[in-house]
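**Q** Can you look at this prediction? I've put the sequence above it.
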Amino acid sequence: DVKVTQSSRYLVKRTGEKVFLECVQDMDHENMFWYRQDPGLGLRLIYFSYDVKMKEKGDIPEGYSVSREKKERFSLILESASTNQTSMYLCASGRYEQYFGPGTRLTVT
Amino acid sequence: DAKTTQPPSMDCAEGRAANLPCNHSTISGNEYVYWYRQIHSQGPQYIIHGLKNNETNEMASLIITEDRKSSTLILPHATLRDTAVYYCIVLNYGGSQGNLIFGKGTKLSVKP
């Protein structure tokens, strides 16, 4: 069974904090993705990576950065969290058949 | 990638077949039709995909019309656990690293 795990299911952070969201996959996939999901807006792609140390901006990269130092791990970084980054964050790996993690519900207060 | 249109919601009785339509009238010859679903509070789950032939797997069947302008996802014996939002996505493999564009999908409610 493909497994994509995310470091936290729920997270509460304060405005201005640096936030790290970790994602690990066990299927040796080259491609990994970070999405956020908001009511009424659906899933939107933040960043993706198609190889170690490679990254590409998605549709809404502002306020985020990513890190892919190892093939199995893809991190999303909120440099200075803001309240409009309160959302559900979903990590996925694969390419066209993507396997998603359970999501991290982040609240920024 | 071509745009898709799906009904916002559908109901289905438990044990009956659920037929979820998707319109993709601008699909081009090398674009695939993918279906995902998202059960409440979980990440999306891949279901099935196809190019022009009908496809079946353990989860569902995918029927694509001959002109490829529309498709139907069939869950043959819907259960309460199939209640979810179902997304139809059209993908062009060429030049794409797989970034999926999810629309609003169809919210399927399976009722006892």
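**A** On my side now, so go ahead.
**Q** So which bits of chain A are right by chain B?
**A** For chain A, the residues in contact with chain B under the definition CB under 8 Å from any CB of the partner chain are A:4, A:31, A:33, A:42-43, A:45, A:48, A:50, A:56, A:58, A:90, A:92, A:94-103. In this view, the C-beta of every residue, glycine as well, is placed from N, C-alpha and C.
**Q** Would you pull up the residue in chain B closest to chain A?
**A** Distances from chain B to chain A, computed as CB to the nearest CB, single out B:Gly43 as the nearest residue at 2.9 Å.
**Q** residues near the residue in chain A that chain B sits nearest to, how many?
**A** The minimum distance from chain A to chain B, using CB to the nearest CB, falls at A:Phe100 (2.9 Å). Using other CB atoms under 10 Å in any protein chain shown, A:Phe100 has 24 other residues around it.
**Q** and the residues of chain A next to chain B, which of them are in strands?
**A** A:4, A:33, A:42-43, A:45, A:48, A:50, A:56, A:90, A:92, A:94, A:98-100 (DSSP state E).
**Q** Can you give me the neighbour number for the residue of chain B closest to chain A?
**A** Neighbour count of B:Gly43, defined by other CB under 10 Å: 22.
**Q** What's opposite B:Asn92 in the beta bridge?
**A** In this entry, B:Asn92 is beta-bridged to B:Glu31, by DSSP bridges.
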